[in-house]
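Engineer: Here is my input, please return the structure:
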Amino acid sequence: MTQILILFPVIISYCLAEVWNIYVHTGNERFAGTDSNIYIRLFNAKDESTGEYQLTHSNWVPDSNDFPLRNLFEMGAHERFRIRTEDIGSVAKIHIRHNNFPILQVDWLLDQVVVEHIRDGTKYIFKCNCWLRRGRPYVTLSALPDPRSINRNKTDDSSSTTSRTLVIILVILITLVIGIFCGYNEYRHRQRDSSMVFNDRIEQIPQEPSLLDAYYPQSPRSPSPPLEPQFWVNTIRRWKNFRQGLPSYNYAQTTQSTAAAPRTIPPIISTDEPPAYEDLYPNSTTPINITSNSNS
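Structural biologist: The predicted model follows:
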């Protein structure tokens with residue numbers, strides 16, 4: 001992801017770049033060619049310019065009958081180069097020069113330069129037919145519009161603006177998508193880290209054994225969580241076992257035994273003899289002779 005963000009400005013600049021074909025024509029006079037390095041810069045009507053680009057074998061586009069290792073800018077040669085620059089719209093003038101190296105074969109007779117916009121095919125012609133010598137190795141040329149591209153120049157600015165707007169909108173959308181994706185990954189990463197820390201703290205809290213665990217030891221937990229019905233069945237069964245383990249207590253019997261505790265019941269003595277008179281009539285004062293009555 002970091003590499004994508006680093007390469008993102010390069011991708012944007014590549015999407016907004018413009019591609020040009022540069023046709024360079026060297027004169028046909030004697031010693032018109034040069035061995036120096038040639039550089040070119042493009043300007044628009046607002047005097048905004050691109051960077052300076054060297055016309056060399058790296059951006060040279062040879063024809064089908066050209067040898068790929070021949071010298072460039074020789075007498076009567078017509079070379080084509082392809083460069084990628086910033087978007088400046090149309091081209092109003094160019095600045096072209098050589099670097100006075102090597103010492104020999106420095107002067108160069110430049111006939112003309114044609115700049116072609118690859119996107120819409122617009123061509124800008126720059127007539128020179130002048131020498132670029134050691135004392136003055138550069139020249140600035142104004143464009144002569146191609147008659148076939150006059151109608152295309154009218155819509156050049158509008159099409160360039162439209163395409164540039166579409167590219168900017170596309171780049172903004174891509175940036176938003178990448179930003180949302182990075183933010184979501186960061187959010188998930190932080191949530192995972194916080195949950196791991198919370199679980200570690202819970203595991204570090206010492207758990208004291210309860211009284212129920214002493215009487216009813218728990219079986220080791222299975223790796224998978226139990227189902228909900230089985231959980232309630234186990235809970236009800238554990239509660240029944242707990243109730244059965246308590247001592248029985250009869251409240252009515254205890255109340256009766258407590259209320260009857262102060263009364264004393266005399267013992268009953270069973271004998272075969274009849275009870276005495278005093279026992280039957282404890283309040284009577286008249287003596288009765290049981291023997292006389294029985295005899296009479």
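Engineer: and E18, how many neighbours?
Structural biologist: Counted by other CB atoms under 10 Å, the residues lying close to E18 total 19. Any C-beta I mention is one placed from the backbone N, CA and C, and that applies to glycine too.
Engineer: Touching, R30 and L109? I think so.
Structural biologist: No. Applying CB atoms under 8 Å as the test, R30 and L109 come out as separate, 9.3 Å apart.
Engineer: Now do F73: how many residues are near it, please.
Structural biologist: Residues lying near F73 (other CB under 10 Å) number 20.
Engineer: Can you name the helix or strand that it falls in?
Structural biologist: Under DSSP states H and E, no helix or strand contains F73.
Engineer: what sits against the closest residue to T26 other than its chain neighbours?
Structural biologist: Spatial nearest neighbour of T26, excluding adjacent residues (CB to CB, 6 or more residues apart in numbering): A77 at 4.9 Å. Shown in contact with A77 (CB atoms under 8 Å, 6 or more residues apart in numbering): 25-26, 33.
Engineer: And A45, by the same measure?
Structural biologist: Residues in contact with A45 (CB under 8 Å, 6+ apart) are 89-90, 92.
Engineer: export these to JSON lines and tack on secondary structure?
Structural biologist: What follows is those, written out as JSON lines (DSSP: H, G, I helix; E, B strand; the rest coil):
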{"residue": "G89", "secondary structure": "coil"}
{"residue": "S90", "secondary structure": "coil"}
{"residue": "A92", "secondary structure": "coil"}
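Engineer: Let's see if you can find the most crowded of those.
Structural biologist: For these, the largest number of neighbours (other CB under 10 Å) sits with S90, at 21 neighbours.
Engineer: Next one: the residue nearest to E74 when sequence neighbours are not counted, what pLDDT does it get?
Structural biologist: Nearest residue to E74, sequence neighbours excluded (CB to CB, 6+ apart): G33, at 4.0 Å. As predicted, G33 sits at a pLDDT of 95.
Engineer: What is the burial count for C182?
Structural biologist: For C182, the count of nearby residues is 14 (other CB under 10 Å).
Engineer: Just say helix, strand or coil for it.
Structural biologist: Applying three-state DSSP: C182 is helix.
Engineer: No more questions from me, cheers.
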